[in-house]
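return atomic coordinates for the entry below.
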Amino acid sequence: MKKQEFIEIVDKNNRPLGIKKEKLQAHLDGNWHRNTQIWVLNKKGEILVNQRSENQFQNPGQWASFFGGHLLLGESYFQGALREIEEELGLKIEKERLEKGELKKNPGPNEFVQIFILILRTDDKPRLSGEEIKQWRFVTSNKLLEWAKAHPEDFAGGETYIENQLKQLKRFKS
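So this is what the prediction gives:
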């Protein structure tokens with residue numbers, strides 16, 4: 001069983017309010033909080049997509065085009081991203097390997113989401129985290145979009161979400 005995780009509550013302008021709350025309760029209460037999304041690519045530009053484990057409270061068993069998660073109490077966006085990479089991929093990396101993208105305000109779950117990209121090196125050996133990730137695979141952007149159009153139910157957020165994510169990734173890489 002996963003231990004309780006406490007996150008920092010922020011206002012609608014991303015300013016800390018000095019309030020900590022258990023992650024699930026913050027979602028249930030609709031509190032604004034912080035999150036990271038890390039796009040993981042190989043040298044060929046393929047995206048490492050992952051299937052969330054069945055014990056996740058958000059989108060269990062669905063596929064996602066990124067890794068990441070909520071910032072814990074007192075973490076910076078970089079610290080949260082590095083922790084999530086270690087938890088979900090088993091990789092300890094240096095902060096300098098992360099390319100920082102835009103900070104998005106996501107009113108659906110009331111999250112401020114910091115986007116990062118990590119390009120895997122040939123000597124990186126990710127390990128599957130069975131607690132959070134069930135499986136993963138590399139796919140091209142085109143294959144990911146085809147898959148999302150054919151089976152939107154497979155993906156957290158569905159086809160439109162994947163299309164928007166890929167547009168964002170394209171802007172990020174150009």
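
low-confidence regions, the protein specifically.
Residue ranges of the chain with pLDDT under 70: 1-2, 130, 173-174.

doesn't Glu159 belong to a helix?
Yes. Counting by DSSP: H, G, I helix; E, B strand; the rest coil, one finds Glu159 located in a helix.

from Glu5, how far out is it?
Distance, Glu159 to Glu5, by C-beta to C-beta, to the nearest Å: 30 Å. From N, CA and C alone the C-beta is placed, and that goes for glycine too.

and for Glu99?
Separation of Glu99 from Glu5 (C-beta to C-beta): 26 Å.

for this protein, what spans make up the strands?
Remark: strands assigned in the chain by DSSP state E are 6-10, 16-22, 33-41, 47-52, 63-64, 67-70, 98-106, 111-119, 133-139.

I'd like the ones you listed as a markdown table, with distance to Leu169 and mean neighbour count appended.
A markdown table is the format used below for the strands of the chain (distance: least, C-beta to C-beta, whole Å; neighbours: other C-beta atoms under 10 Å):
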| stretch | distance to Leu169 | mean neighbour count |
| --- | --- | --- |
| strand 6-10 | 25 | 21 |
| strand 16-22 | 29 | 13 |
| strand 33-41 | 6 | 23 |
| strand 47-52 | 8 | 21 |
| strand 63-64 | 13 | 23 |
| strand 67-70 | 14 | 23 |
| strand 98-106 | 9 | 14 |
| strand 111-119 | 8 | 20 |
| strand 133-139 | 12 | 16 |
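
could you redo those as JSON lines and give each row distance to Lys92?
Output for these, formatted as JSON lines (distance: least, C-beta to C-beta, whole Å):
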{"stretch": "strand 6-10", "distance to Lys92": "23"}
{"stretch": "strand 16-22", "distance to Lys92": "26"}
{"stretch": "strand 33-41", "distance to Lys92": "14"}
{"stretch": "strand 47-52", "distance to Lys92": "17"}
{"stretch": "strand 63-64", "distance to Lys92": "22"}
{"stretch": "strand 67-70", "distance to Lys92": "14"}
{"stretch": "strand 98-106", "distance to Lys92": "13"}
{"stretch": "strand 111-119", "distance to Lys92": "12"}
{"stretch": "strand 133-139", "distance to Lys92": "17"}
